[in-house]
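Student: Here is a sequence with its predicted model. Questions after.
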Amino acid sequence: MAKKKLEIKTIEYTSQQWHERGRALYGDDEKAWKFKCPVCGGVQSVEDFLEREFEAKDGRRKFSAGEALGRVYFSCKGRWPLPNEKVREFLGGDKGVVSPCDYTAGGLFNVCKTMVVDKEDNVHSIFCFAGDRDGSEGDEKGNANNG
């Protein structure tokens, strides 16, 4: 019996195409865009990060809007848990917690299905837009079936 090769369908956008898709789904304000974690399925926006804290060089503080915008499509909000928030461990099983988790696209395992190619031809793995059918549910071109 022949072995089957595991293939994960991905969708690739240029930076311009990705921004156009975000604006079509959510409008011009990128802080209102929503993304779906590929591991736990949690939906997050910049607002979710603004209430979270992280350890900075100058001590523990909350994310600024710009810092949140740089993480919302790249890391699950569970990497920076709220007080008393249970978080699913990416490699440790769910332990009864579904979302959020501690996954980041910058780690050893990349399970993101959306790739964005920047102007310098660097490819960035990012979370899919929430509510869109790109990456896992849409066609190869990222066309959503919103009907």
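Tutor: Sure thing, it's come through. Numbers count the residues shown, from 1 in each chain.
Student: ok, A105 to K34 distance?
Tutor: Distance, A105 to K34, using C-beta to C-beta, to the nearest Å: 16 Å. (Glycine included, C-beta is placed from N, CA and C.)
Student: mind checking which helix or strand Y73 is in?
Tutor: Y73 is part of no helix or strand when elements are defined by DSSP states H and E.
Student: contacting residues around the most centrally placed residue in the chain?
Tutor: Geometric centre of the chain, nearest residue: F127, 2.8 Å, by C-alpha atoms, centre = their mean. Shown in contact with F127 (C-beta atoms under 8 Å, 6 or more residues apart in numbering): 35-38, 72-74, 105, 112, 114.
Student: So which residues of the chain form helices?
Tutor: Remark: helices assigned in the chain by DSSP state H are 15-26, 46-50, 65-69.
Student: so which of the ones you listed comes closest to N84?
Tutor: helix 46-50 (16.2 Å; C-beta to C-beta).
Student: In contact with S45, which residues?
Tutor: Contact analysis of S45 by C-beta under 8 Å, 6+ apart lists 31-35, 72.
Student: Recalculate using a threshold of 10 Å.
Tutor: Counting by C-beta atoms under 10 Å, 6 or more residues apart in numbering, S45 makes contact with 26, 30-35, 68-69, 72, 77, 130.
Student: Quick one, grab the pLDDT at it.
Tutor: At S45, the pLDDT value in this model is 94.
Student: C112 contacts A105, correct?
Tutor: Yes: between C112 and A105 a contact is recorded at 5.0 Å, counting by C-beta atoms under 10 Å.
Student: Same drill for the two, tell me which one is more crowded.
Tutor: Between C112 and A105, counting by other C-beta atoms under 10 Å, C112 is the more crowded of the two (23 against 19).
Student: Between which two of the contacts of S45 is the distance greatest?
Tutor: Pairwise across the contacts of S45, and taking C-beta to C-beta, the largest span is found between Y26 and K77, at 17.5 Å.
Student: Neighbour count for these two, which is higher?
Tutor: Neighbours per residue (other C-beta under 10 Å) separate Y26 from K77, with K77 holding more: 28 against 18.
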